[in-house]
Every structure is written in structure tokens, then in C-alpha cells.
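**Q** this one's structure only:
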């Protein structure tokens, strides 16, 4: 029995029981599609996390004020206002591992331009921010040093704000009111996309730090130099951990903390956060893939089941084939090919379905779509393997039938 | 020269604790070109004998030479090759695959002979022509009468040009007229040189053969040559003359 004979005979046999074959194939389709879709979603998600952190910069340290405890109740990280722009200046001056420091304040504020209302996150920044975050304007210009120093009423806006407030108009040169304080838009920032935590990094307004503190945000009368956070960019190739411990030491010293006192600030290392996030996405992806794999195994058991039924039903046929000269291995081949045909057809349709599902999920979640050609090859091989694995036992059983008993089978 | 040669052929089945002696030291030869009928009551061992000489079953002891070659100790694969090339089998229940047409059913036997597809088609068509079904190559078994289905089965048995044709109750599922037609066909094939062995319990069938072997309790009870009755074909023709209405239904 040649290869093509076996294939033709297998397809003939499957065609005989269309509904039964289709249902068995459906089991494999679901399994393979689930595996493809889950692996694609997992890798896409991981890619997304990596991309988000890359957009933020992985050689960044983020310093935030610590928590204060009032009457025994911890108010959470950032509730103290212990950080100032002087801390930032000192850090970059004294810790040689640092390239730049970017202190900033931020708050949600109402914006009005040409009668349109919009609420957005307003940052007060100095020039360090653009360097720390590798961020430039797309049109217009960045702040001039003297605009930062004297607290000029100029603003840079993100792409989402530009679209919301000005539509198709060029925002550069337009007026923008932030909490009713008039500003002139001098530039539109380049696109940043979604952050690792899912918010729109382009829905922002950047103001000079002093202007923001004095005229817009100004929440902390006690210390006019206080800031919400400081980005510290570590020099290329230097250790983040070393920079982190240097910064901690410096800040403890500047804040005059006693050895037994806790830090009144926290330093977060974006590379660590990125790694943790990536790992958790990876774990989730693995979990999804395992669930999908289980459904593929269930599909395989479906094949085995239907093949056992088929062998029993066709006992007389097997006896006849043996009687007219089939060797046991011919019978084995015939039934194995049927099982493989079932799983490969299921695999092929499953791959297409899986890719479609992955596309749908990726577009819904706005994730990058990641489908490697190797997966397709792997999925084909794997579904073939499922056919062989689950088809082997029924086929072996068929090949071991005794011709006389098989012929007598009613 | 003997085509079939058995010596002390014994087959013992185990049924639970009981040993069933289906064949007891059967020594029998069938010469090439003979047309032999085997008869006997059920349980006499005639079917077991057919299965052993058809290489579907192996003897417990004794020897069986087919065309001078010792078969009883062959491997399963070697036996499959013998069944494929040297023996043609015809069963009571035609055993046709319903999903295949007549040609496909006959071709099945050539697939295992490893022929290429074109040659297979030609050989299958030739075999069907030989049994008088040249016009029915693409009929499904369900579109054929019982006699025609059995002819397809015979064509399948003949397609690899075996020297030996074994038929186990070939007329058991057919009416008497069709049985007669079939025996005429077996006679024709025998005249063309094929050695034929038919197991039957119908004396009317057995009388067309040139030798009658009776089995009883796993042994050969009697074995004698006989002058075959008038050729089945002639008998058939005379019947048609006697019963004209029969001819009408046939036409």
C-alpha cells in the first residue's frame, strides 16, 4: 500500500461519516486555535510590556516621597511632601552615576481652548524631563531655559490633547487656559502611546515647573520647592543598583534621617518593575497556553475515541483486507493515516482560526500582533503528533485482529 | 504435481479449559487444476481446513505445503503475501466495501500487491470482464444483485491471478438459479486452469465438481473423484428452455 493509496483511502473513509469526522475535527480545531491564539496573545502582551517600558526608559530611577503616618494611619506612598527640586539638583551634582535629574509636579486640571473643555494631566517640569525620557517636540519647540527660570506662561501639549482641543488646527501659537490661567502653546510633543499602566501618555500638558507650582498646582504652601517625583536617568552602562543606593544615601543625608529612621522617600527602579511585569505577563501567557494545550489533548482523545469506534465498526472490513493480502502494518498505516488526516485537517483550520482570533484579540486590546512562522510549523507538527499519538492505539488494535475472527464479526 | 499438500494437519482451539480438536491429522493433496468440493456437517472441520489452507489460520501441528512451499511456519507478513498472490478467497457474505464501486472493490486486492494505479485499474477491469460484469464497473454494491455482488467478490479473488481459488459457502446467500450461474462460472474458471476448492453443504452445488471430500469430526471421512454432472452452463440453458417466463425475468 503506497503513501498516496493510504491518504486516499483515509479521506474516503472520513468522507463516509461526514458529521462524525467534522465533530472530531472540530475538537482539534478548537485545541489548535486556542494554542495559537493564546501563544500569540501571550507574546503580544509581553512585547507590549517591553515596548511600554522602553518608551519610559529602563535606565530610569523614580524617586517618590515616602508615606507619612498620621495618628497611626499610613497615608501611602507619596503622601509626604519631602522631595524638592533641590534634592534633584543635588542628586545629579553629587551622584556621578547620574546623567540627569527631572523633578516634576503633576495634577489633573481643566483645560479650555477656543471654547472646548478637556481634562488632562498637567505636569510642571524642567528641561531635565525631556532628556530623562528621550522626549522631543513633533512641532514647535521645547521650553527655553529662561522660560523655565522666570516662569513663563508657555505650554507644551501631548498629541491627544492637541487632537481633543484643536482638532485639525495647528495648536502652536494658540492660547490654552489651564485652570483659567492663560498659556501660549509653543509645541506639540512626539507620540508616546500607552504607558505600562495603561494610561494615555499623550494626554498631557507640560508647563514650566515654577509656573505650574505658582499659578496652577500650588498645593503646597509650606514648601514652594516641593515636587511630586523625580526621574533620575542613570548614565549609559552604569549599574542601576549602585546609582539607587547612592541616591538613597544622599537623600537620607539631605533629609537628616537618623540611622533608625525609615526613608521618607522611595526609589523605584523601572528595569525591576519591567522585569516583574514581564514575568507576570509571561506566567499568564504560560497559563493560557497550558489551558489551550489541555483542550488540544481533549481533542486528541476525541480522535482516539472515534478511531476506536471506527475500528470496531469496520472489523469485517479489516478481516477482508487481511484475507486479500493486507499485512498488519498496512492496516496499521490505514487507520493511523485516518487519525492523522483528522488531526491535520483540524490543525490547518485551527491555525487559521487561531490567527484570526489572535488578530481580533490584539486589535481589541490594542496589543502588537505577534505570530511567528515557526509556530505555524510547530502547530502543524504538533497536530500531526496528536494524530499519531492518539491514533496509534486504535490502529495497533486494528492491525492485531485475527483475520478469521474479524471476518466472522457480525 | 500437488498444489495443496497437507500432512497430519491438526488444529486445536482452546475454549476456556476445553480443547476443541477442529482438525485431527488431516492428510490431503489437491492437484493443480482440480475442482474439489468439501462437504460435511457443521463442526466437522471443513471451514477450519479452508482457513488453514487459505493461510488465514495456522495449524497447531502438521505440515502444509502450498505449491511445494512449507507455509505453516511462515510469519504473518509472509502469509499476507501468500494470501495476496497465490490464493483468492470468496466468502458467503461477499464482504464488499459499500463505499467503493465494483472496480474499487476489485482494485483493493491489487493495492496490497504494490501495483501502480494505472495497471491496477486495467487488471481490475479485466477481472470484472472475466466474470461477466464489464458493464457494471462503476456500480456500487447496493446497486447490484446478490449474484452480481458475488461475481465482484470472485473478480477480486482472481485479480492477482492466483493459482488457487477458495470459496467458503459461496452460494449460501444466493437463490438456486443464481447458485447455478455461479457454479457455471467456477467451472469456467477451472477449465481456464485455476484450481478451485469449494466448501458447501448443498449437494446440488457439490455435484458440479470433479472430486468430493467429506469431513466428519475433524477427519476426512471420504474422498472420491466424481464425474461432474452436466456442465452447469448447459443445465442453466436447458432450464431457461423449460421455463420461458424465467428467461423473461432474466432479460
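**A** Structure's in. What do you need? None of these values were measured; they are calculated from a predicted model.

**Q** how about the residues of the stretch 151-251 of chain B near chain A?
**A** By Cβ under 8 Å from any Cβ of the partner chain, the residues of the stretch 151-251 of chain B that approach chain A are B:156, B:157, B:160. Every residue, glycine included, has its C-beta placed from N, CA and C.

**Q** Tell me both backbone torsions, phi and psi, for the second one.
**A** It refers to residue B:157. Backbone dihedrals for residue B:157, given as degrees, to the nearest 10, come out at phi -70, psi -30.

**Q** what sits against it?
**A** Listed by Cβ atoms under 8 Å, 6 or more residues apart in numbering or on different chains, the contact set of residue B:157 reads A:324, B:88, B:89, B:90, B:109, B:165.

**Q** Now, those that are in helices?
**A** Of the contacts of residue B:157, the ones assigned to helices by DSSP state H are residue B:109.

**Q** Using a markdown table, please lay out the contacts of residue B:157 together with neighbour count and distance to residue A:138.
**A** Formatted as a markdown table, the contacts of residue B:157 follow (neighbours: other Cβ atoms under 10 Å in any protein chain shown; distance: Cβ to Cβ, whole Å):
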| residue | neighbour count | distance to residue A:138 |
| --- | --- | --- |
| A:324 | 27 | 79 |
| B:88 | 31 | 86 |
| B:89 | 28 | 85 |
| B:90 | 24 | 88 |
| B:109 | 31 | 78 |
| B:165 | 22 | 91 |
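
**Q** Whether the helix or strand where residue B:23 lies contacts chain A - can you check?
**A** If you go by DSSP states H and E, residue B:23 is part of strand B:18-31. No. Strand B:18-31 stays clear of chain A (Cβ under 8 Å from any Cβ), getting no nearer than 11.3 Å.

**Q** what's the closest non-adjacent residue to residue 158?
**A** Assuming you mean chain A. Closest residue to residue A:158 apart from its sequence neighbours, by Cβ to Cβ, 6 or more residues apart in numbering or on different chains: residue A:202 at 3.8 Å.

**Q** You answered for a different chain; I wanted chain B.
**A** Using Cβ to Cβ, 6+ apart, the closest residue to residue B:158 is residue B:127 (5.0 Å).

**Q** Okay, and the one you found sits in which element?
**A** helix B:117-130.

**Q** Pull out the buried positions in that helix.
**A** Neighbour-count burial for helix B:117-130, counted by 16 or more other Cβ atoms under 10 Å in any protein chain shown, picks out B:120, B:121, B:123, B:124, B:125, B:127, B:128, B:130.

**Q** Adding pLDDT, write those residues out as JSON lines.
**A** JSON lines is the format used below for the buried residues of helix B:117-130 (pLDDT from 0 to 100):
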{"residue": "B:120", "pLDDT": "91"}
{"residue": "B:121", "pLDDT": "92"}
{"residue": "B:123", "pLDDT": "93"}
{"residue": "B:124", "pLDDT": "94"}
{"residue": "B:125", "pLDDT": "94"}
{"residue": "B:127", "pLDDT": "94"}
{"residue": "B:128", "pLDDT": "94"}
{"residue": "B:130", "pLDDT": "91"}
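
**Q** Do I have it right that residue A:27 meets residue A:298?
**A** Yes. Shown here, residue A:27 and residue A:298 form a contact pair, counting by Cβ atoms under 8 Å, at 6.6 Å.

**Q** Which one's more surrounded, the two?
**A** Legend: neighbour count by other Cβ atoms under 10 Å in any protein chain shown for residue A:27 and residue A:298, higher for residue A:27 (23 against 13).

**Q** what's near enough to touch residue A:241?
**A** Residues counted as contacts of residue A:241 (Cβ under 8 Å, 6+ apart) are residue A:269.

**Q** Tell me how far it lies from residue B:227.
**A** Residue A:241 sits 110 Å away from residue B:227, going by Cβ to Cβ, to the nearest Å.

**Q** Just the pLDDT at the closest residue to chain A within the stretch 51-200 of chain B, thanks.
**A** Closest approach between the stretch 51-200 of chain B and chain A, counting by Cβ to the nearest Cβ: residue B:84, at 2.3 Å. Per-residue pLDDT puts residue B:84 at 93.

**Q** what helices or strands is the strand or helix carrying residue A:382 leaning on?
**A** Counting by DSSP H and E, the element that carries residue A:382 is helix A:373-399. Identification of packing neighbours for helix A:373-399 by 3 or more Cβ pairs under 8 Å, 6 or more residues apart in numbering or on different chains; DSSP states H and E yields helix A:18-56, helix A:270-313, helix A:328-365.

**Q** mind listing what's buried in that helix?
**A** So, applying 16+ other Cβ under 10 Å, buried residues of helix A:373-399: A:375-376, A:379-380, A:382-383, A:386-387, A:389-392, A:394-395, A:397-399.

**Q** Ok, stretch A:165-176 next?
**A** For stretch A:165-176, by 16+ other Cβ under 10 Å, it's A:165, A:166, A:171, A:172, A:174, A:176.

**Q** Write out the residues of the stretch 1-150 of chain A neighbouring chain B.
**A** Counting by Cβ under 8 Å from any Cβ, the stretch 1-150 of chain A sits next to chain B at A:1, A:2, A:5, A:12, A:13, A:16.

**Q** Try it again at 7 Å.
**A** Applying Cβ under 7 Å from any Cβ of the partner chain, one finds that the stretch 1-150 of chain A approaches chain B through A:1, A:5, A:12, A:16.

**Q** so the last one touches residue B:99, yeah?
**A** Yes. The pair formed by residue A:16 and residue B:99 meets the contact definition of Cβ atoms under 7 Å, at 5.2 Å.

**Q** tell me, how many neighbours does the closest residue in space to residue B:137 that isn't next to it in sequence end up with?
**A** Residue nearest to residue B:137 in three dimensions, not counting chain neighbours: residue B:103, with 4.6 Å by Cβ to Cβ, 6+ apart. Neighbourhood size, residue B:103 [other Cβ under 10 Å]: 21.

**Q** In three-state terms, label residue 155 for me.
**A** No chain in the question, so chain A it is. strand (DSSP: H, G, I helix; E, B strand; the rest coil).

**Q** Please refer instead to chain B.
**A** For residue B:155, the secondary structure call by three-state DSSP comes out as helix.

**Q** what's the spacing between the closest residue to residue A:60 other than its chain neighbours and chain B?
**A** Leaving aside its sequence neighbours, residue A:60 sits nearest to residue A:270 (Cβ to Cβ, 6+ apart; 4.7 Å). Applying Cβ to the nearest Cβ, to the nearest Å, the value for residue A:270 to chain B is 66 Å.
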